[in-house]
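Enquirer: Provided below are the primary sequence and the corresponding predicted coordinates.
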Amino acid sequence: MAKKTGMRSVRFEKSVCIKSVSSVAGTKESEGPLKDCFDISVNDNLYGEDSWEKAEAKFAGRAMEEAVRKGALTFGDIDYILAGDLQNQTTASCYAAAKLDNSFFGLYGACSTFGEGLSLGAALIDGGWGKNVLCEASSHFCAAEKQFRFPLELGNQRPQTSTWTVTGSGAAVLCGEGNYPRITGITTGRIVDAGITDANNMGAAMAPAAADIILNHFRDFSSGPQDYDRIFTGDLGYVGREILLKLLSEKGCHIEEIHRDCGILIYDRDKQDTHSGGSGCACSALVFSAIYKKLIEGEYKKVLLIPTGALMSPVSVQQGESIMGICHLVMIEKR
Amino acid sequence: MNNKENKNNKEYQKLVKEASPDSPIFKNCLKAFFSGGLICCIGQFLMNIFSTYGLVADSRNMLVSVILIGLASLLTGLGWYSKIGKFCGAGSVVPITGFSNSVTAPAIEYKKEGFVLGLGAKIFTVAGPVILYGTLASIVVGIIYYFVG
């Protein structure tokens, strides 16, 4: 029987469970509104290392360890690791995985990487490729600023539309059985080019991709906003959320009540001076810890997690090319 | 809607503009005016002190620049200049202290990649264009001055 549902979605026949979830958060994140939801709070963004890049690899490694530990497993039980981050050649994930002995898929979906990992991980479990799959994503404010923008100590002002890259890492172990929240379907986004060339307005670059994937999901599953308790987008921020809601309402789709954005949830905009909100692979990966908790507690029965990515390359942007968006939607239900 | 349509979508650009809050330009201008003025006053204050000690104009000018550059570099190393820059905006970018910051900040950031290919190669990533086009502009002005002046 075909698993593919509609144009862009897959409905899993077998049960794909999220056995455990972990989160290792940086300093600013640990001072934010979700501080109590994280497993480990690190009050040193260098995490005892001597470079931002190494620190991010340590965040990634700790999140993987914690997810495996919480799932009462060892790394010997993990058949595949699917991981990604924002650094060139996804070095944080690779360096973290280099210390392990597991089969590894490195992913790059910009800030949508966690959704990409969960989607592919769920497919591996459903396809019977393994018993346990570990999905992980990380980002680091300082490493991202260094790679994509300016040196950290440069005294400039950030525009109101800019977002703050989340420092931290989140991981999840997927397995085939057990009484855990389940991934019941995925919708895979397409690359959407909205013609945005402003590297300080990622929300605007991603919002059309998010609108596209939500509409495709509703069509593929013949569902609507009323079927979900919450729809979480990854890191659209305040600007991107406003655009997303406008784009959807133009199509007659209203999700205002149930829509939340991880980038808005993770920081307190007024107290933490984060302008449009949080971003980065770790944004949705960290907030997922809080979502998972509410799924376990029964507050949510069915949610959509839609990590959103802006595929920003400094080289292309300098050449005047636009920034493209991509999203990966994961449908999660309480068992 | 396909990507080709998206790219030329004026309506979307309009929607983005509406949703994107502007920086508080008036407030920023005021802050830049007074903070930039303050930095210049510090320079003038040093200049006056040096003249009371009888330094000639050339040495005085140079000494003031050296002190301001050194001070801004020190503040950058201490992690304070980025905070000053956040508040002052152009006020702390335009004076010579901003130039100093734009050289010291990459030096700190890329030190980790080594003294040659890191610090050495990337120290002027921010200030480089200012040096290049500043030099070019001075040549152009020099030529004009030669004929007109």
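Expert: Sure thing, it's come through. Note that this is a predicted model, so its numbers are computed, not measured.

Enquirer: what helix or strand is the closest residue to chain B within chain A on?
Expert: Relative to chain B, the nearest point of chain A is A:G155 (1.9 Å; Cβ to the nearest Cβ). Backbone N, C-alpha and C define where each C-beta goes, glycine included. Per DSSP states H and E, A:G155 falls between elements, in no helix or strand.

Enquirer: assign a three-state SS to the residue lying closest to it once chain neighbours are set aside, would you?
Expert: Distances taken as Cβ to Cβ, 6 or more residues apart in numbering or on different chains place B:G85 nearest to A:G155, at 1.9 Å, with adjacent residues excluded. The three-state assignment at B:G85 reads helix, by DSSP: H, G, I helix; E, B strand; the rest coil.

Enquirer: also A:S20?
Expert: For A:S20, the assignment made with three-state DSSP gives strand.

Enquirer: residues in contact with residue 96?
Expert: Defaulting to chain A. By Cβ atoms under 8 Å, 6 or more residues apart in numbering or on different chains, A:A96 lies in contact with A:A57, A:K58, A:A60, A:G61, A:M64, A:A83, A:E136, A:S138.

Enquirer: oops, wrong one, chain B.
Expert: Contacts of B:I96 were listed using Cβ under 8 Å, 6+ apart, and they are B:G43, B:S65, B:L68, B:I69, B:A72.

Enquirer: just B:N101 next, same as before
Expert: Applying Cβ under 8 Å, 6+ apart to B:N101 gives the contacts A:E153, A:L154, A:G155, B:A72, B:S73, B:L75, B:T76, B:Y81, B:G85, B:S92, B:V93.

Enquirer: buried stuff in stretch B:70-87?
Expert: B:A72, B:S73, B:L75, B:T76, B:Y81, B:S82, B:I84, B:G85 (16 or more other Cβ atoms under 10 Å in any protein chain shown).

Enquirer: and the fourth one, what's its pLDDT?
Expert: Right, B:T76. Note for B:T76: predicted pLDDT of 97.

Enquirer: give me the element the residue nearest to it when sequence neighbours are not counted is part of.
Expert: The shortest distance from B:T76 to any non-neighbouring residue, by Cβ to Cβ, 6+ apart, is to B:T104 (4.1 Å). Using DSSP H and E, B:T104 sits within helix B:96-110.

Enquirer: identify the farthest-apart pair in the contacts of A:A96.
Expert: Largest separation among the contacts of A:A96 by Cβ to Cβ: A:K58 and A:A83, giving 13.6 Å.

Enquirer: so which of the two has more stuff around it?
Expert: A:A83 (30 against 23; other Cβ atoms under 10 Å in any protein chain shown).

Enquirer: let me see the ranges of the strands in the stretch 1-150 of chain A.
Expert: Using DSSP state E, counting those that start in this stretch, the strands of the stretch 1-150 of chain A run over A:4-5, A:9-11, A:17-25, A:40-41, A:80-84, A:103-107, A:132-139.

Enquirer: so which residues on the stretch 201-335 of chain A come close to chain B?
Expert: With Cβ under 8 Å from any Cβ of the partner chain as the criterion, the stretch 201-335 of chain A meets chain B at residues A:N201, A:A204, A:P208, A:V239, A:E242, A:I243, A:K246, A:L247, A:S322.

Enquirer: please redo it, this time with the cut-off set to 7 Å
Expert: A:N201, A:A204, A:P208, A:V239, A:E242, A:I243, A:K246, A:S322 (Cβ under 7 Å from any Cβ of the partner chain).

Enquirer: quick one: residues contacting the residue in chain B that chain A sits nearest to.
Expert: In chain B, no residue comes nearer to chain A than B:G85, which is 1.9 Å away by Cβ to the nearest Cβ. For B:G85, the contacting residues are A:G155, A:N156, B:S92, B:V93, B:N101, by Cβ atoms under 7 Å, 6 or more residues apart in numbering or on different chains.
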